[in-house]
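Engineer: The following block contains a protein sequence and its predicted model.
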Amino acid sequence: MKILLLGCKGQVGWELQRSLAPLGELVACDFDTPGELKADFADPEMLAALVRRVQPGLIVNSAAHTAVDKAESEPDFARTLNATAPGIVAREAAALGALLVHYSTDYVFDGSGSAPRSEDATTAPLSVYGRTKLEGEQLIRASGCRHLILRTSWVYAARGGNFARTMLRLAAERDSLKVISDQVGAPTGAELLADVTAHTVRRVQAEPALAGSYHCVAGGETNWFEYARFVIEWARAHGQPIRVAADAIQPIPTSDYPTPAARPLNSRLATHKLQQAFGLTLPHWQVGVERMLTEILGQ
């Protein structure tokens, strides 16, 4: 089977290059790939031509406009990358009979309440990012292509920038920190998403009825304040130069840190459907974060 991976240089895309490689002939593309394999989501028809050229049996799209605040000032560009382009890729997948894997987000919900959202919960995005990601989902479903849509949240990876790196840098520079404590979710590793993707793809190939939409996040839940404390105290315990004292990390509400895009306070996603359908156990978020910290800190 030929596999077309779009957005191969992003956090999830980088891990997908590893996890998808055993499944078939992998063609990995990104916006700056030279020549005929360039995958520029700002030019959806170029993507259509790329799909027709490669003729894949599986398309995995990990490309997106993920700059949540910036999207507020460039909604048309965000819509092109998050909705129009995935919709056109889905159209081409349907024509080929290919399976399309696409990643979406907890931002399609309004973040109200405290219960985990199921896959069929009412959507009500608060931001341009959330609205365009929801539209992308809708266009994929409307195309009629076989698809797996995996909604996730708080994605991180050892490669590139992430919340943990930022907290470690600030903790080494400052005497005190203030971190938002009223947004709740599950930090989810790109590595976990990539491994789940490969597993679900294999199962859907054998059992096509399993295709559809699923939530995929690590187990457990936390908030950004507790996440920061966990990262900082882990690093302190492993000999890293931490300046901020444990009691000098202060929780603050989202209202104290205004941003252009509204964030959902409740990013909990229920994963029972995914775990039951595919026989998976999703590890606790701390397991993945510890592994990431071990890698980036050279422990």
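Structural biologist: Here it is on my side, so go on. Residues are numbered from 1 along each chain as shown.

Engineer: what residue ranges in the stretch 101-250 of the chain score low on pLDDT?
Structural biologist: Of all residues in the stretch 101-250 of the chain, none has pLDDT under 70.

Engineer: show me where it has helices.
Structural biologist: 128-143, 163-173, 190-206, 224-237 (DSSP state H, counting those that start in this stretch).

Engineer: quick one: the shortest one to helix 224-237, angle?
Structural biologist: Using axes from the mean of the first three to the mean of the last three Cα atoms, to 10 degrees, the direction of helix 163-173 lies 60 degrees away from that of helix 224-237.

Engineer: Kindly report the same for the first one.
Structural biologist: What separates the directions of helix 128-143 and helix 224-237 is an angle of 100 degrees, with the same axes, to 10 degrees.

Engineer: which residues touch the closest residue to residue 236 other than its chain neighbours?
Structural biologist: Nearest non-adjacent residue to residue 236, counting by Cβ to Cβ, 6 or more residues apart in numbering: residue 242, 4.4 Å away. C-beta here means a position set from N, CA and C on the backbone, and glycine is covered the same way. Shown in contact with residue 242 (Cβ atoms under 8 Å, 6 or more residues apart in numbering): 168, 171-172, 232, 235-236.

Engineer: Distance-wise, check residue 242 relative to residue 87.
Structural biologist: Distance of residue 242 to residue 87, given as Cβ to Cβ, to the nearest Å: 46 Å.

Engineer: can you put the helices of the stretch 101-250 of the chain in JSON lines and add mean neighbour count and distance to residue 260?
Structural biologist: As requested, those are exported to JSON lines (neighbours: other Cβ atoms under 10 Å; distance: least, Cβ to Cβ, whole Å):
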{"stretch": "helix 128-143", "mean neighbour count": "22", "distance to residue 260": "9"}
{"stretch": "helix 163-173", "mean neighbour count": "17", "distance to residue 260": "18"}
{"stretch": "helix 190-206", "mean neighbour count": "19", "distance to residue 260": "25"}
{"stretch": "helix 224-237", "mean neighbour count": "19", "distance to residue 260": "18"}
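
Engineer: want to throw these into JSON lines with distance to residue 52?
Structural biologist: Output for these, formatted as JSON lines (distance: least, Cβ to Cβ, whole Å):
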{"stretch": "helix 128-143", "distance to residue 52": "15"}
{"stretch": "helix 163-173", "distance to residue 52": "39"}
{"stretch": "helix 190-206", "distance to residue 52": "21"}
{"stretch": "helix 224-237", "distance to residue 52": "43"}
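
Engineer: So which of these is nearest residue 18?
Structural biologist: The closest of the helices of the stretch 101-250 of the chain to residue 18 is helix 190-206. By Cβ to Cβ, the value is 6.7 Å.

Engineer: now the closest one, how far from the centre of its chain.
Structural biologist: How far helix 190-206 lies from its chain's middle: 14 Å, per Cα atoms, centre = their mean, to the nearest Å.

Engineer: separation between the residue nearest to residue 236 and residue 82?
Structural biologist: From residue 242 to residue 82 the distance is 37 Å (Cβ to Cβ).
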